[in-house]
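Asker: turn this into a model:
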Amino acid sequence: MLSQNKELDICLMKQTRRKVQRSGYLQFENLMYRGENLAGYAGENVILRFDPRDITTVLVYQKDSNHECDFTYKFATN
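Answerer: Have a look, this model is predicted:
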């Protein structure tokens, strides 16, 4: 479970939507984010939450009804 401070930090992050590419990666701000669990969402749109001061790490959410789930960190690769 996340602390209240961490939950607040996440809620205040910027967010955008991106499509997971067929080979299981995301592209955002000229960076690629990979993760084996992203491959299961190939072709689907996900929500990214990020700190604009440091976009080397993003949080990825899959929208399920009115709930955000599949909370995971993704790190930028070259």
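
Asker: tell me what the most centrally placed residue in the chain is bridged to.
Answerer: Residue closest to the average C-alpha location in the chain (CA atoms, centre = their mean): residue 60, at 2.0 Å. On the basis of DSSP bridges, residue 60 is bridged to residue 48, residue 72.

Asker: correct me, but it touches residue 28?
Answerer: No - the criterion here is CB atoms under 8 Å, and residue 60 misses it with residue 28 at 10.1 Å. Placement of C-beta: from N, CA and C, glycine included.

Asker: overlap in contacts, those two.
Answerer: Contact criterion CB atoms under 8 Å, 6 or more residues apart in numbering; residues bridging residue 60 and residue 28 by contacting each: residue 48.

Asker: was I right to think residue 51 contacts residue 13?
Answerer: Yes - counting by CB under 8 Å, residue 51 touches residue 13, with 5.9 Å between them.

Asker: list of residues touching stretch 40-54?
Answerer: The list of residues contacting stretch 40-54 from outside it, by CB under 8 Å, 6+ apart, reads 10, 13-24, 26, 28, 38, 57-63, 68.
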